[in-house]
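In: Below: sequence and its predicted model.
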Amino acid sequence: NAGVTQTPKFRILKIGQSMTLQCTQDMNHNYMYWYRQDPGMGLKLIYYSVGAGITDKGEVPNGYNVSRSTTEDFPLRLELAAPSQTSVYFCASSTGQGTYEQYFGPGTRLTVT
Amino acid sequence: AQTVTQSQPEMSVQEAETVTLSCTYDTSESDYYLFWYKQPPSRQMILVIRQEAYKQQNATENRFSVNFQKAAKSFSLKISDSQLGDAAMYFCAYRRIQGAQKLVFGQGTRLTINP
């Protein structure tokens, strides 16, 4: 199993550009999450999904959109990138059962200039 | 809303010694989970240890153990026999039992191991 994979690993955007961060998991997990980590800080939840076709906002959703058309994929869309969105983005997934451990991807480092 | 606070931005310890990282949290829930995650320079988030709030016994994983004080809402991580590979950012995290199992993270503690 590859676990949770994210692409790209690094990206530099200009202000006002748009992009999609890709996230795929091969563990058949129902629950998926997007977090952002600002320098020297903990992770904050942007959006999450409890299954295909179901998404909901987290703590910091402004400036982002998500979709969940399949169990495996949970892309994060940035529209009109702003310097405040410079961060490291983590995707995670969990089964939603048992101790509900979240498995994290390797992260995407995004810089908006 | 739940909050998690790590009051030690940085800690250092000599190799082979013991270090304790502090974490406090605020919640009105009676049942929940608590976690410690390790984030080495590779950025990968690695689960170190978990604690179920309904269990009185403190969780232990090899050299890692916790001191869970439910009434005080305190959840500290003890690392025994510290190794150079333990150097990393450590994050305390909270999660409700019910709902979408969203994690709430503290600000992190950077742990340095001195050889």
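Out: Structure received.

In: Who is the residue lying closest to A:H29 once chain neighbours are set aside paired with across the strands?
Out: Leaving out its chain neighbours, the residue that sits closest to A:H29 by Cβ to Cβ, 6 or more residues apart in numbering or on different chains is A:S93, at 3.9 Å. Just so you know, the C-beta spots here come from the backbone N, C-alpha and C atoms, and that holds for glycine as well. Beta-bridge pairing for A:S93 (DSSP bridges): A:M32, A:Y103.

In: Contact partners for A:S93?
Out: A:V4, A:Q25, A:M27, A:H29, A:Y31, A:M32, A:Y33, A:F74, A:Q102, A:Y103 (Cβ atoms under 8 Å, 6 or more residues apart in numbering or on different chains).

In: just checking, A:G105 touches A:P8?
Out: No - using Cβ atoms under 8 Å, A:G105 is not in contact with A:P8, being 11.8 Å away.

In: Tell me which of the two has more neighbours.
Out: In this view A:G105 and A:P8 are compared by other Cβ atoms under 10 Å in any protein chain shown, and A:G105 has more residues nearby, 26 against 11.

In: residues of whichever strand or helix holds B:I49 that come out buried?
Out: Using DSSP states H and E, B:I49 sits in strand B:46-52. Neighbour counts over strand B:46-52 (16 or more other Cβ atoms under 10 Å in any protein chain shown) mark B:L47, B:V48, B:I49, B:R50, B:Q51 as buried.

In: do it and chain A meet?
Out: Yes - under the criterion of Cβ under 8 Å from any Cβ of the partner chain, chain A is reached by strand B:46-52 at B:L47, B:R50, B:E52.

In: Hmm, B:T112 and B:P9 touching each other?
Out: No - with contact defined as Cβ under 8 Å, B:P9 does not reach B:T112; the gap is 11.7 Å.

In: the more surrounded of those two?
Out: Taking other Cβ under 10 Å, B:P9 and B:T112 do not tie; B:T112 has more neighbours (13 against 10).
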